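1. take this sequence and fold it.
(chains A, B, C and D)
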Protein chains: 4
Amino acid sequence: MIILLHLDAGPVERDGVRAALEKLGVGFEEVGLVDRTAFALRGEESPLPADSFSRLAGVERVISLQPKTPLASSTWREGGRQVAVGTARFGGGVFGIIAGPCTIEDPAMLRRIARTVKSAGAHALRGGAFKVRTSPHAFQGGGVDAFRALVETAREVDMPFFTELTDPRQVEQVGELIDGVQIGARHMQNFPLLLEAARLGKPILLKRHFGATAEEWLLSAEYILGAGNDQVMLCERGVRTAEKHVRFMLDLAVVPWLKSRTGLPVVVDPSHAAGHHALVPALGRAAIAAGADGLIVEVHPEPEATQCDAAQALPPQKLADLVSFARLVVEADGRRMSDLPERDIKPLDTAVGL
Amino acid sequence: MIILLHLDAGPVERDGVRAALEKLGVGFEEVGLVDRTAFALRGEESPLPADSFSRLAGVERVISLQPKTPLASSTWREGGRQVAVGTARFGGGVFGIIAGPCTIEDPAMLRRIARTVKSAGAHALRGGAFKVRTSPHAFQGGGVDAFRALVETAREVDMPFFTELTDPRQVEQVGELIDGVQIGARHMQNFPLLLEAARLGKPILLKRHFGATAEEWLLSAEYILGAGNDQVMLCERGVRTAEKHVRFMLDLAVVPWLKSRTGLPVVVDPSHAAGHHALVPALGRAAIAAGADGLIVEVHPEPEATQCDAAQALPPQKLADLVSFARLVVEADGRRMSDLPERDIKPLDTAVGL
Amino acid sequence: MIILLHLDAGPVERDGVRAALEKLGVGFEEVGLVDRTAFALRGEESPLPADSFSRLAGVERVISLQPKTPLASSTWREGGRQVAVGTARFGGGVFGIIAGPCTIEDPAMLRRIARTVKSAGAHALRGGAFKVRTSPHAFQGGGVDAFRALVETAREVDMPFFTELTDPRQVEQVGELIDGVQIGARHMQNFPLLLEAARLGKPILLKRHFGATAEEWLLSAEYILGAGNDQVMLCERGVRTAEKHVRFMLDLAVVPWLKSRTGLPVVVDPSHAAGHHALVPALGRAAIAAGADGLIVEVHPEPEATQCDAAQALPPQKLADLVSFARLVVEADGRRMSDLPERDIKPLDTAVGL
Amino acid sequence: MIILLHLDAGPVERDGVRAALEKLGVGFEEVGLVDRTAFALRGEESPLPADSFSRLAGVERVISLQPKTPLASSTWREGGRQVAVGTARFGGGVFGIIAGPCTIEDPAMLRRIARTVKSAGAHALRGGAFKVRTSPHAFQGGGVDAFRALVETAREVDMPFFTELTDPRQVEQVGELIDGVQIGARHMQNFPLLLEAARLGKPILLKRHFGATAEEWLLSAEYILGAGNDQVMLCERGVRTAEKHVRFMLDLAVVPWLKSRTGLPVVVDPSHAAGHHALVPALGRAAIAAGADGLIVEVHPEPEATQCDAAQALPPQKLADLVSFARLVVEADGRRMSDLPERDIKPLDTAVGL
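-> Got it, this is the predicted structure:
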């Protein structure tokens, strides 16, 4: 940490900062920088955050140089993580697709959709049982019954599945049967839930809150990594802006940014970003091209009869088109699809030159 | 709900929409509106949300006319709520001030701050025990021990207190001893927590998430009201924007907007919005003038020695200045401060003419 | 336009609205919609905007059904525009690349960059002479001299060029020699400049302001179209958000959204969105995949010696990689690059199924 | 400027940075800061911007310590500016109110409104002649004829007036007759217009763009100050956010922030921020309390018959209420209203303790 004094800070201010650091017992060096004084703290950790030093008289700026997400960064230094959920793979040069309905409303329809997305090329199933609904007057999801239908369907069609948990108490309730845990955008900073879910030791798809910065999102991953679970996949699903033509703005610059800071797989959800099915294919293609390690897509053959997020569900044929496009780009990059045999593959960050 | 067809929708589309409505068994009227057809649904509730109808061929727009927050609205029609937390009052023409440290770091300092804010004119104490920290590497709060210190201090100085809960399991753990529950911004849409906290039957200060719209915030209040607890206070603490000079942008237009839709008291937190102590007095004054029913302010006599949010803590004298300004404006409006004897008072919405 | 009354509007309010419409001399129908009254205006144009009617007592909502951008929409109905700037083509199934330095600082370096980007596969040159600099203390651009250097270089290397105009008086000054006019983001709503530039009859690359909605952007295009110039290309370059890892957030959903509303070509600028060269390739690839008709990219071989936007300049080799990726995707879509002979091509909107 | 190297930068990177600085001929010191190397540049001005140095190998961060707005800052050091427009005063402890219609649609109505706002307590008149309309299909304003009506009315009722200019060529056309120039939000970064308007030497009300940061806004003021005109008033009118209940979010934290950096008067426009008349009084009161030096408010007695911004026009009585509130707060702060005789007054920054 470097504490930079104002140009016009005099001996009184210098003495004050020096005394404060000495009182804290922290090692430091006092350095002249042309026209002002700087104090550089020794050692990795400061006993107080930068904000506190900024309240000392004469301080212009406090520059913290510590890595904020050391655990996420170490996954990068170690060459990246590939997360496996059943037979599906994400990251480490492998691209996977998760697809399914928004919500499990009816077991028969779930089975139909599961078969459809599998034959369109998806590698894992998605479906919501414990829903996060903005309004208490909207359909609240099927709960444990819906969860059971999801487990049965996934086993029947032989696909791994992801589903959202919303309460730390659900971890004990259904954790044993879950394949991949989804943490929804609105729970990205529900730290008790993150810690409880992490303890399951199963893959976690951590969605970014639509109001959170990328750094805050990585810090939430840091909670899971710190609890000893490194099976974390980061899922970008759009940021809220003033724009009206799209529900959330998909932050695709975050894909290369994350890949230069962490080795965790990055998955993109074009459905919740778009909010409208006609925009999903273009956003899905863009995410593939930007170097994502996977997509999670909402698909429904009869969206006009659903209780939740009807506007954004993709018809099954459009999912098949997306899979074809993924295959084209992923192979041109020297990566591979999750369902193809392993060859000499490489993560895309090489390809895009970050 | 009104389903409006496209200008160029023909008999096929009309028949399709009609058939879909008949299949759902919903009553409706088909009306010509100059150059296009509209279907107006009968009855309060539609069996499907507006989104689903928008997927039907020929539909241009679906206009939902149902009140989205009927419970919050009914508090308005019934003349508004005044929430009492111990001796402190908020709403119904009464203005209250909550003040204290960000986090309980040390019982002796807590006691000192509590006495200071009381003598400066605050009506209730605040202090964090179960903290929500963006980084797992930052100070995580004192937990149950800090909570106990808060209870003891509050009883000792004879002030009611608010503190944040972050996990539904804490409700059972400490709920009996709590005076007012704070739901922090990051948990505004943690619905299991809202429902569990609501069941305590104690006052709840519901902060708005910095990425949430005012409507989403009211819908979270609707969860609490729907669980049978109408002791809800809404707390505005700023919205995230691209602006760098201030941490969050305080949405003061939301004060009159809320007061035209709900009778719940509206409290403003200038400290978290500002992020810097020098901006807090102006924002606190502005909130008072905009018609808020209360303030919640972070105060600390030695911010340079704290672990959390040091930059925004107000020196005690500035709190006293804010209380004086509140007294000036509140009395000119015909309202009263929480510590004054009851007279003929009126809510400010009359005064600002909404 | 449909004026919808409140549920509880009575005869007095109905009479008031009816009288106001009669006074304006506008034809209308009064219709019952289950539980409320609606007034539907006859004819295309209302004599007053929707806002004015919303001030009448008893009015709940005014729904305007008129197309807001009739001229932009007509370019769509007529099958789309292909804009030609010299030998470069954009739109109508053809993909073009504009590249060059941010600013013209030195004629020799401009010549070197022009040759480099041409051999890397770019179809047109870019370079700023009349700069828009946020600070008056920053380098202000080379003005008319730089413009002359640009014309000479472009003729010498045989490439068409785009450059920004910032003042209606520049149109007369340099308009005759310009190939393509760039309207920068900060001038998107400088309507006197738009109208003056439109009168030149040359292609106009209209950048979106980072704070503007897509609809506002199309309305600026509507000014140019209304002045009789339909050689408009829309250029997305990112929207300002609270995010810190990227300068602006590239709105790629706007590509399919625009293509469902207008036939004008859509070009994407990944450089200004990214703000950092390491993010440009991923954003450029994403824009190509999302269906853009072209890219405009800042390229510089020695960015560490430039006065303006050094952080975002792409090394020439990365431009060549982007061109290769564009070729792969564009050909797989059945489109073609601007430098390839014409075959049986199709716009991408068919491919992505909007 | 301080160039900070990465922790792991070695002799090669150090030599590279050193050589680059020597080649530029800039004086510098090389300093060890505990675990890394820093280069501190000597002298006020760097020959290249920070961005360029950040492209050098081994550089982690470049910290620019130069004041970005030296001219705006000097107005602060010199004790602040009071801007006079005719008899109206803004700043230096004096509070003024500008009021009038959005647009001049009819001379008789303008006269009626001018008299009304004057008797309600306003100190200057506003009214738009050269309009900035998002759509070319909306009413475009009355132009020079409307301007003439404004001049005549202002002289007749004996009030100074503000009106917006939108084109550098209008400065010559009408500049001699104008009292105060308004630069609208959409032209905040139209630098040719700013420079041309500055040369008039008359007061300029510079509105902030709804997508601009406060720093960008001050830099636009810096253009005017740099052209030798220090009669600049800064006008906050709200920032665009995702929120739907209000058109723009009024940034009141910017008031004390500006007052700690510049001595220019700060005026607030609650009308354009609110977008709805029912929100204007609360925002106007909040701006007064936050320490603004003035308000600019849209007032119309018959908003339901206007072409522009009907929803936000305040009825005259509400303006009178705002004036009363301003009087209460301004006098309690030891400031005075523009129409009161001078006494011992002080700027509010003293009062709010910045």
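2. strands of the stretch 1-150 of chain A, start to end?
-> According to DSSP state E, counting those that start in this stretch, the stretch 1-150 of chain A carries its strands in the segments A:2-5, A:28-33, A:36-41, A:59-63, A:83-85, A:88-90, A:94-100, A:124-126.
3. pipe those strands into a markdown table and attach mean pLDDT per row.
-> Below are the strands of the stretch 1-150 of chain A laid out as a markdown table (pLDDT from 0 to 100):
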| stretch | mean pLDDT |
| --- | --- |
| strand A:2-5 | 95 |
| strand A:28-33 | 93 |
| strand A:36-41 | 94 |
| strand A:59-63 | 94 |
| strand A:83-85 | 97 |
| strand A:88-90 | 97 |
| strand A:94-100 | 98 |
| strand A:124-126 | 98 |
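4. would you list the ones you listed in CSV and tack on mean neighbour count and distance to C:Ile63?
-> C-betas here are computed from N, CA, C, even on glycine. What follows is the strands of the stretch 1-150 of chain A, written out as CSV (neighbours: other C-beta atoms under 10 Å in any protein chain shown; distance: least, C-beta to C-beta, whole Å):
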stretch, mean neighbour count, distance to C:Ile63
strand A:2-5, 23, 57
strand A:28-33, 16, 62
strand A:36-41, 22, 61
strand A:59-63, 17, 52
strand A:83-85, 22, 46
strand A:88-90, 26, 45
strand A:94-100, 28, 36
strand A:124-126, 28, 36
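5. with respect to chain B, which of those strands lies nearest?
-> The closest of the strands of the stretch 1-150 of chain A to chain B is strand A:59-63. By C-beta to the nearest C-beta, the value is 9.5 Å.
6. what angle sits between the closest one and strand D:59-63?
-> Orientation of strand A:59-63 against strand D:59-63 (axes from the mean of the first three to the mean of the last three C-alpha atoms, to 10 degrees) gives an angle of 160 degrees.
7. contacting residues for the nearest residue to A:Asp35 once chain neighbours are set aside?
-> Computed as C-beta to C-beta, 6 or more residues apart in numbering or on different chains, the closest residue to A:Asp35 that is not its neighbour in sequence is A:Leu7, at 5.9 Å. Shown in contact with A:Leu7 (C-beta atoms under 8 Å, 6 or more residues apart in numbering or on different chains): A:35-36, A:60, D:65.
8. the same query, at a cut-off of 10 Å, please.
-> The neighbours of A:Leu7, taking C-beta atoms under 10 Å, 6 or more residues apart in numbering or on different chains as the test, are A:34-37, A:60, D:65, D:67.
9. which element is the residue positioned nearest the centre of chain A on?
-> For chain A, A:Leu234 is the residue whose C-alpha lies nearest the centre (C-alpha atoms, centre = their mean; 2.4 Å). Secondary structure from DSSP states H and E places A:Leu234 in strand A:232-236.
10. how about stretch A:97-116 as PDB, C-alpha atoms only?
-> Extracted in PDB, the C-alpha atoms of stretch A:97-116 (Å, rounded to 0.1, in the frame of the first residue of the first chain):
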ATOM      1  CA  ILE A  97     -24.000 -26.000 -23.600                       C
ATOM      2  CA  ILE A  98     -26.600 -26.000 -20.900                       C
ATOM      3  CA  ALA A  99     -30.300 -25.700 -22.000                       C
ATOM      4  CA  GLY A 100     -33.700 -26.200 -20.800                       C
ATOM      5  CA  PRO A 101     -36.900 -24.400 -19.600                       C
ATOM      6  CA  CYS A 102     -36.900 -21.400 -17.300                       C
ATOM      7  CA  THR A 103     -39.000 -23.200 -14.700                       C
ATOM      8  CA  ILE A 104     -40.200 -26.700 -14.200                       C
ATOM      9  CA  GLU A 105     -44.000 -26.300 -14.500                       C
ATOM     10  CA  ASP A 106     -45.000 -29.800 -15.700                       C
ATOM     11  CA  PRO A 107     -43.000 -33.100 -15.600                       C
ATOM     12  CA  ALA A 108     -44.200 -34.300 -19.000                       C
ATOM     13  CA  MET A 109     -43.200 -31.000 -20.600                       C
ATOM     14  CA  LEU A 110     -39.800 -31.100 -18.800                       C
ATOM     15  CA  ARG A 111     -39.200 -34.600 -20.300                       C
ATOM     16  CA  ARG A 112     -40.100 -33.400 -23.800                       C
ATOM     17  CA  ILE A 113     -37.800 -30.400 -23.500                       C
ATOM     18  CA  ALA A 114     -34.900 -32.400 -22.100                       C
ATOM     19  CA  ARG A 115     -35.000 -34.800 -25.000                       C
ATOM     20  CA  THR A 116     -35.300 -31.900 -27.500                       C
END
